[in-house]
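Peer 1: Task: produce atomic coordinates for the following.
(chains A and B)
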Number of protein chains: 2
Amino acid sequence: MSILVKNATLVSGKKSDVLIEGGKIAKIASSLSASGADKLDASGKLLIPGLINTHTHAAMTLFRGIAEDMELSDWLATIRKAEGLASGKESDIKVAVSQVRAGSLLACAEMLKSGTTCFSDMYFHMDEVAKAVDKSGIRATLSYGVVDMGDEKKRKSELSIGEKFIKDYQGKSGGRIKCGIAPHSVYLCSPELLIKSNELSEKYNAIYHIHLAETRKEVFDCLSSHKKRPAYYLDSLGVLSKRTVAAHCVWLTKEEVRLLSSKGVSSSLNPVSNMKLSGGGCAPMPEMEKSGMNISLGTDGSASNNSLSMFETMKTLGLLQKNTRWDATVAKDTAIFDAATAGGARALGINSGIIKEGALADLALLDLRAANMAPLHSAVANIVYSAHAGNVTDVIVDGALVVEGRKLLTLDEEKIVDAAQKEAEKLIP
Amino acid sequence: MSILVKNATLVSGKKSDVLIEGGKIAKIASSLSASGADKLDASGKLLIPGLINTHTHAAMTLFRGIAEDMELSDWLATIRKAEGLASGKESDIKVAVSQVRAGSLLACAEMLKSGTTCFSDMYFHMDEVAKAVDKSGIRATLSYGVVDMGDEKKRKSELSIGEKFIKDYQGKSGGRIKCGIAPHSVYLCSPELLIKSNELSEKYNAIYHIHLAETRKEVFDCLSSHKKRPAYYLDSLGVLSKRTVAAHCVWLTKEEVRLLSSKGVSSSLNPVSNMKLSGGGCAPMPEMEKSGMNISLGTDGSASNNSLSMFETMKTLGLLQKNTRWDATVAKDTAIFDAATAGGARALGINSGIIKEGALADLALLDLRAANMAPLHSAVANIVYSAHAGNVTDVIVDGALVVEGRKLLTLDEEKIVDAAQKEAEKLIP
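Peer 2: Numbering: from 1, shown residues only, chains lettered A, B, ... in the order given. Have a look, this model is predicted:
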């Protein structure tokens, strides 16, 4: 299948045609023609690389709005109770296959409709997430979330589930699915689990997706247990590498930023989730830029955001950085847009996030005829600060049209919404 | 004209019909029928009071994206240069009638499509703003922005323009237009102008719309010039009353909050603009709530936001309050939603912002069949934290349908976008 995108406005302001063949961007030029290709009229539309969300828990869309305006401990207790994870007993887990299925499909629908073409997920029952990815047409890096809380039996079982998932799904859905491994954090994983997870990551060249320095408590507890701040602790275990994607990275020292950068670690900044849970901080983005660290962006799950819109995350990142640093020149719009596109691709090791010949054809079109997108002085400023999910008209992933004229082609959105509502209600006492 | 809204989901979760007659909500009940009424099917849609934006500079949509990532002084210089206001000479003003017209129409289109049914504006060439309000069908409180910088001649001329505008437009467009007077701030207005403006406000029962405590510089300069913080200074001039709507209110002390509250002043919080300009603070919302002060919300102009979406403003307010206070229990979703609706109506003295019999029929419908709005555990949480402007499907103002199926009925959005682009380009050197 090939697609010829006609008369698109590029971020540079230039108009161009873009030919898509074999899942890739084959040619970018004006007045292209291709006899066998489907034509997509992009007049009055802005063509951008699809947005890449590097930290999600897709199935948690089912928890949207159930735990509002609560202290972190109450929030966590509410979510864990709904999930049935509070006791730590397998038999108490309430989130079943059917819920992960419904929540993941809902998340894929929301992401595609808001211009996100790839996400990096961490949760359990990951085969259901993979099936949702397959069906929806989105691209994803999926990582089973491993947790042992020091229990050796649990550790072995978790690693085995995590490895089986990689073996079963690596490269599936025509290459749209990549697999990773996700040791939850320094506080829910033993050093052995953190190390063994990295061995899997190395063995399969799979990303190592971990929560890092999300809260002050995490830092203090790590200092207390391991006499090291979280980044130094992970380094002492030898698990930091180019495969590491560290989510949150709020409470890092400058030295930790330099350490992570020197190891090739990518950050995934999640400003909306951090603010909503009243973390109180602001990730050191200017220091990350100065050290050359790769920066990507994530929404986190809908239990703490409560949206998967990367447009919101881009804007909130800029607002938080500028306000916290008392400096409007930090977090430039171009840097934010790069983090949401090329930075995400670098973090996940995929050839996308950029519009160039040979790159994967993961693209979104935004309506430039909408009042909120005019005038067009700066396309990047309008993307980061003016656009919303409703401006996304068409989305292409892996060379296939998955959203056309604001309609999802791969899934029945209304059915998915109904199923999600039904499954969500089962979780609430 | 009457409209019968059928099968709407209310914020309470109940389903109901709503009959609209003579510009007002006539009846709320299930299974209503009305033979002469136009039917609006609201199945799968959430009916909310239209959002009320209490601080805007509508015409400044033309400056969207022209001054990004700049220090406040550079930002201001860039905007003033584009406006031609830098020299203070009338003859240098570049923003002409045609630009205010194009920018105001663009703003009205953006606001209506994002569920905003009323706004409170401060700028110049206000008759063009009034014409845009008339044409678009939105409701507004319009205030000519008066500035004298100590010049007596300018003061008289400003007051005369401001009063003429009130006389010409008060109650026009079938009552959709109300007028106010807008002394810019304590730093651009002499005490005489602040006082004379209040005399006009009293004479015409018109709101007194002013920027207050937006930046630290404003506070320090006011302390230096008048030996009083801004709220105390305004009180010493006797200009604080129930008609006062104070925009920003970031750098207020607790005592100033109590003073403003005791005088019946309404705040208009503008978190997005404040953060984008890197003000560095956070309005004392919990203290405002404690003192019983009326709170409303504004987007500010698109030069510093760069959007007029009240959904973004609601969410950003919650995020900023929670993160700054290290307390997720502050700025509850219900309080934020109230500020964006009933609080705005109280600030502007209009009988709307609420769905009850007898209130003005200013309403919006949100699509509950969109993936990002499901599941519906809490309608208020989904409105404040999950919805975006693209979820707005239909809008009614003053009993008339102005947006239907996401299409603006009163204006040709594409023509307005083109005109805005053309006029905006004239302003950029």
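Peer 1: Could you identify the helix or strand that succeeds the helix or strand bottoming out on mean pLDDT in chain A?
Peer 2: None of the helices or strands of chain A scores lower by mean pLDDT, DSSP states H and E than helix A:72-83, at a mean of 87. The helix or strand immediately downstream of helix A:72-83 is helix A:97-113, counting by DSSP states H and E.
Peer 1: For the helix or strand that that following helix is followed by, name the packing helices and strands.
Peer 2: Downstream of helix A:97-113, the next assigned helix or strand under DSSP H and E is strand A:116-123. Under the contact criterion of 3 or more Cβ pairs under 8 Å, 6 or more residues apart in numbering or on different chains; DSSP states H and E, strand A:116-123 touches strand A:51-56, helix A:97-113, strand A:139-146, strand A:207-212, helix A:342-348, strand A:392-397. C-beta coordinates here come from the backbone N, C-alpha and C atoms, glycine included.
Peer 1: contacting residues around the closest residue to chain B within chain A?
Peer 2: Closest to chain B within chain A is A:Gly390: 1.4 Å, counting by Cβ to the nearest Cβ. Listed by Cβ atoms under 8 Å, 6 or more residues apart in numbering or on different chains, the contact partners of A:Gly390 are A:370, A:406, B:388-391.
Peer 1: Find the nearest non-adjacent residue to it, please.
Peer 2: B:Gly390 (1.4 Å; Cβ to Cβ, 6 or more residues apart in numbering or on different chains).
Peer 1: Am I right that that neighbour is in a helix?
Peer 2: Yes. If the criterion is DSSP: H, G, I helix; E, B strand; the rest coil, then B:Gly390 is within a helix.
Peer 1: which residues sit in contact with A:Val239?
Peer 2: A:194-195, A:197-198, A:208.
Peer 1: Grab the two from these that are most spread out in space.
Peer 2: A:Ile195 and A:Tyr208 (11.0 Å; Cβ to Cβ).
Peer 1: In helices, which of the contacts of A:Val239 fall?
Peer 2: Of the contacts of A:Val239, the ones assigned to helices by DSSP state H are A:194-195, A:197-198.
Peer 1: on that earlier part again, among the contacts of A:Gly390, name the buried ones.
Peer 2: A:370, A:406, B:388-391 (16 or more other Cβ atoms under 10 Å in any protein chain shown).
Peer 1: what pairs with A:Leu47 across the strands?
Peer 2: A:Leu365 (DSSP bridges).
Peer 1: ok now do A:Gln99, which residues does it touch?
Peer 2: By Cβ under 8 Å, 6+ apart, A:Gln99 lies in contact with A:59, A:62, A:423-424, A:426-427.
Peer 1: Just the buried residues from these, in ChimeraX please.
Peer 2: Restricted to buried positions by 16+ other Cβ under 10 Å, the ChimeraX selection for those reads:
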select /A:59,62,423,424,427
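Peer 1: Name the nearest residue to A:Asp235, sequence neighbours excluded.
Peer 2: A:Leu259 is the one closest to A:Asp235 (Cβ to Cβ, 6+ apart), at 6.0 Å.
Peer 1: mind listing the strands for the stretch 151-300 of chain A?
Peer 2: Along the stretch 151-300 of chain A, the segments classed as strands by DSSP state E, counting those that start in this stretch run A:177-183, A:207-212, A:244-248, A:266-269, A:294-297.
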